[in-house]
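A.B. asks: Give me a 3D structure for the following:
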Amino acid sequence: MKVLGSHKEKNGKFFLNEDYQKNLVRKITAIKRQVELGGGEKYIAHQHAKGKLTARERIARLIDKNSQFIELNSFAAYGMYEEYGGAPSAGTVFGIGRLNGRDHLIVANDATVKAGAWFPLTAKKNLRAQEIAMENRLPIIYLVDSAGVFLPLQEEIFPDKEHFGRIFRNNARLSAMGVPQLSAIMGPCVAGGAYLPIMSDEALIVEGEGSVFLAGPHLVKAAIGEEIDNESLGGAVVQSNVSGVTDYVMKNDDECLEQIRRLTDKTGPSLKANFNRIKSEEPLFPTENIYGILPKETTEGYDTYELLAHLVDKSEIDEYKAGYGKTLITAYARIDGWAVGIVANQRKIVKTELKEMQIGGVIYSDSSDKAARFIMNCNQKKIPLIFLQDVTGFMVGSNAEHGGIIKDGAKMVNAVANSVVPKITIIVGNSFGAGNYAMCGKAYDPRFIFAYPNAKIAVMGGTQASSVLLDIKIKQLKKQGKIISESEENEILNEVKKSYDSTSDPLYAAARLWVDEIIDPARTRDYISRSLDVCNNNPDIEKFSTGVIQT
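C.D. replies: Modelled structure (predicted):
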């Protein structure tokens, strides 16, 4: 056991870091509050005028009192679809909340955003919600209120494997897995979207507002010449008492939400994974100090042991191979009582036993070898893995190549890819190149992946990328017979760097669902603990095997 100390003095640099990180959190929080308004005050008032609640209001009334809804992908489509007026949160809200003391995944269309229409990112977001439900065996509640596919972008949402139809395929798969699904039709439910609630186990419908049909009145008239209104075609009474498609007719939103609670209250208990957990103990140092530990510039180094001292219970770790592969820290610890295996990039420059300097944040051959073995051990012991990413990539150069860096890196990537215990990833700072993969980026199926507000996600750092792109640009200009001055060269460099930095920003990543949420660093323990609580709902752990690994 190793008790971590904190040598971080609250000097001028600490306070500068703290102020910078807190400002980032304030900025992200302000943006989130704006996003939560959905289509805006005008459309919220319009929803209320019809006697309907907004998506987030419905969720707040649905979950247990004094419990917290963990919203995910709240920044979906941020800054996108501007030519159509934008689509805050991709027009849908989803996350995890407790009903009758049990975790449920809740998905709600936001009718204040283009009448709840489905954009391409809406489909991707719903698929992510279903993926989380599948991986963690969470019952799903769909609160349906949608005008259907956003037709100007229909070709980007309709036919492919990860488009709209995959959602109904997942409905069927979830049902076969024994994961309960319950849908409440609280507004329109049109065309292909009609399959989602009806492929659920049970469906409720709100009288006067809810309707479900494969083709609306306009399309029916165009197709077969029949004239009919919404209610007569597929309203609550018709679909419940005539067709038998829906199961319960509700008078209004409140009655519908209360009926959902009554139905979920009668669901039988589920098995647990029973990951190791004991009584939680706080770190020796306040988590708020993380603001002062993280540097303002992600190019700066810091001691990752300092970060761990503020995250793990009693600031204690059992470090694995402490003197070997020092640019990666591998350790067993507890977070809020949960036993975890931690794989964290050490950002500080370190010395090996051969007195060689190693660059912080870079993965070397020995680091890769150590991490691969540690990941295998955690799978053997059924210990969930926590990846703390602040990685600039794998080591390059002749020494690294001759030493087999590709082989050792592949060994680590193999272990991460085949790991069967829950993996939770926090992008603390940099997440560049193949380092993103080795440290369990989105492509490697973390159960949950979060980012700090100062995170950078890209194929390489902005400075390096700008230099490469500038070199290419200059060569192109020279081929055209153009000679540029040093000032013009600097102007091009700044433009390239600005563009590159904007696409490596965490909001850019969150908008495209590369991360599940941007979180406050001071709440890292809360997010990890709550995520593990959710992961514990799936008792099925597959047999671990890495296949062929080069040694």
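A.B. asks: For this protein, give me the ranges with low pLDDT.
C.D. replies: Within the chain, the stretches with pLDDT under 70 are 6-9, 192, 354-355, 461-466.
A.B. asks: And the next helix or strand past the one helix or strand Val343 maps to?
C.D. replies: Assessed by DSSP states H and E, Val343 sits inside strand 338-345. Downstream of strand 338-345, the first helix or strand assigned by DSSP H and E is strand 350-351.
A.B. asks: Could you list the paired strands of that following strand along with their orientation?
C.D. replies: strand 357-358 (antiparallel) (DSSP bridges).
A.B. asks: Would you mind pulling the contact partners of the strand it pairs with?
C.D. replies: Strand 357-358 has contacts (Cβ atoms under 8 Å, 6 or more residues apart in numbering) with Lys326, Thr327, Ile349, Val350, Lys351, Thr352, Tyr364. No exception for glycine: its C-beta is placed from N, CA and C like everyone else's.
A.B. asks: Does the third one touch Gly301 like I think?
C.D. replies: Yes: when contacts are counted by Cβ atoms under 8 Å, Ile349 is listed as touching Gly301 (6.0 Å).
A.B. asks: Report the set of residues contacting both of the two.
C.D. replies: What both Ile349 and Gly301 touch, as defined by Cβ under 8 Å, 6+ apart, is the set Gly360.
A.B. asks: For Pro521, which non-adjacent residue is closest in space?
C.D. replies: In space, Pro521 comes closest to Ile290 once its chain neighbours are excluded; the distance is 4.5 Å by Cβ to Cβ, 6 or more residues apart in numbering.
A.B. asks: Next: Val25.
C.D. replies: Closest to Val25 by Cβ to Cβ, 6+ apart is Asp520, at 5.1 Å.
A.B. asks: residue contacts, the residue nearest to Pro521?
C.D. replies: With contacts defined as Cβ under 8 Å, 6+ apart, Ile290 is in contact with Gln21, Leu307, His310, Leu311, Pro521, Ala522, Thr524.
A.B. asks: One more: Lys370?
C.D. replies: The neighbourhood of Lys370, defined by Cβ under 8 Å, 6+ apart, consists of Tyr320, Lys321, Tyr324, Gly325, Leu328, Thr330.
A.B. asks: What separation do you get for the third one and Lys370?
C.D. replies: Right, the one you point to is Tyr324. Going from Tyr324 to Lys370 by Cβ to Cβ, to the nearest Å gives 6 Å.
A.B. asks: The fifth one now?
C.D. replies: To Lys370, Leu328 is 6 Å away according to Cβ to Cβ.
A.B. asks: Relative to Met357, how far out is the closest residue to Phe544 other than its chain neighbours?
C.D. replies: Once flanking residues are discounted, Phe544 sits nearest to Asn379: 4.0 Å by Cβ to Cβ, 6+ apart. Asn379 is 33 Å from Met357, where distance means Cβ to Cβ.
A.B. asks: And the two? Which one has more around it.
C.D. replies: Ranked by neighbour count (other Cβ atoms under 10 Å), Asn379 and Met357 place Asn379 first, with 22 against 9.
A.B. asks: Quick check: buried residues in the host helix or strand of the more buried one?
C.D. replies: Taking DSSP H and E as the criterion, Asn379 maps to helix 365-381. By neighbour count on 16 or more other Cβ atoms under 10 Å, the buried set for helix 365-381 is 365-376, 378-379.
A.B. asks: of the contacts of strand 357-358, buried ones?
C.D. replies: When the contacts of strand 357-358 are checked for burial by 16+ other Cβ under 10 Å, the buried set is Lys326, Thr327, Val350, Tyr364.
A.B. asks: Most widely separated two among those residues?
C.D. replies: Largest separation among those by Cβ to Cβ: Val350 and Tyr364, giving 10.0 Å.
A.B. asks: got any residues that touch both of the two?
C.D. replies: Joint contacts of Val350 and Tyr364 (Cβ under 8 Å, 6+ apart) are Thr327, Gln358.
A.B. asks: For Val428, what are phi and psi?
C.D. replies: Per-residue torsions, Val428: phi -80, psi -40 (degrees, to the nearest 10).
A.B. asks: State the distance from it to Tyr452.
C.D. replies: From Val428 across to Tyr452, the span is 6 Å (Cβ to Cβ).
A.B. asks: shared neighbours, those two?
C.D. replies: Residues touching both Val428 and Tyr452 (Cβ under 8 Å, 6+ apart): Leu294, Pro521.
A.B. asks: between those two, which one's more packed in?
C.D. replies: A side-by-side neighbour count of Val428 and Tyr452, using other Cβ under 10 Å, places Val428 first with 28 against 25.
A.B. asks: need the helices for the stretch 301-450 of the chain, in chain order.
C.D. replies: Here the stretch 301-450 of the chain has its helices, by DSSP state H, counting those that start in this stretch, at 304-309, 365-381, 398-402, 405-418, 433-438.
A.B. asks: So for His48, which of the ones you listed sits nearest?
C.D. replies: Relative to His48, the nearest member of the helices of the stretch 301-450 of the chain by Cβ to Cβ is helix 433-438, separated by 43.5 Å.
A.B. asks: Return the closest one as CSV; C-alpha atoms alone will do.
C.D. replies: The C-alpha coordinates for helix 433-438 follow below in CSV (Å, rounded to 0.1, in the frame of the first residue of the first chain):
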residue,chain,number,x,y,z
GLY,A,433,-3.3,9.6,-31.9
ALA,A,434,-3.0,6.0,-31.0
GLY,A,435,-2.7,7.0,-27.4
ASN,A,436,-6.4,7.6,-27.5
TYR,A,437,-6.9,4.0,-28.5
ALA,A,438,-4.5,2.4,-26.0
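A.B. asks: which residues touch it?
C.D. replies: With Cβ under 8 Å, 6+ apart as the test, helix 433-438 has contacts from 345, 363, 368, 371, 389, 391-394, 409, 412-413, 416, 443-444, 457, 459-460.
A.B. asks: Next secondary structure element downstream of the helix or strand hosting Ala108?
C.D. replies: Using DSSP H and E, Ala108 sits in strand 102-109. Next in sequence after strand 102-109, counting helices and strands by DSSP H and E, comes helix 120-136.
A.B. asks: which secondary structure elements does that next one contact?
C.D. replies: With contacts taken as 3 or more Cβ pairs under 8 Å, 6 or more residues apart in numbering; DSSP states H and E, helix 120-136 sits against strand 70-72, strand 92-99, strand 102-109, strand 140-146, helix 164-177, helix 524-535.
A.B. asks: Tell me which of those sits most buried.
C.D. replies: Of all these, strand 140-146 carries the top mean neighbour count, a mean of 27, counting by mean count of other Cβ atoms under 10 Å.
A.B. asks: so when I look at Val212, I'm seeing a strand, right?
C.D. replies: Yes: per DSSP: H, G, I helix; E, B strand; the rest coil, Val212 lies within a strand segment.
A.B. asks: How many residues are close by it?
C.D. replies: Neighbours around Val212, by other Cβ under 10 Å: 28.
A.B. asks: Now do the same contact list for the spatially closest residue to it that is not a sequence neighbour.
C.D. replies: Leaving aside its sequence neighbours, Val212 sits nearest to Cys189 (Cβ to Cβ, 6+ apart; 4.1 Å). Contact criterion Cβ under 8 Å, 6+ apart gives Val144, Asp145, Ser146, Leu196, Pro197, Gly210, Ser211, Val212, Phe213 as the residues in contact with Cys189.
A.B. asks: JSON lines for those residues, including distance to Lys50?
C.D. replies: Below are the contacts of Cys189 laid out as JSON lines (distance: Cβ to Cβ, whole Å):
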{"residue": "Val144", "distance to Lys50": "16"}
{"residue": "Asp145", "distance to Lys50": "11"}
{"residue": "Ser146", "distance to Lys50": "15"}
{"residue": "Leu196", "distance to Lys50": "22"}
{"residue": "Pro197", "distance to Lys50": "20"}
{"residue": "Gly210", "distance to Lys50": "12"}
{"residue": "Ser211", "distance to Lys50": "13"}
{"residue": "Val212", "distance to Lys50": "18"}
{"residue": "Phe213", "distance to Lys50": "19"}
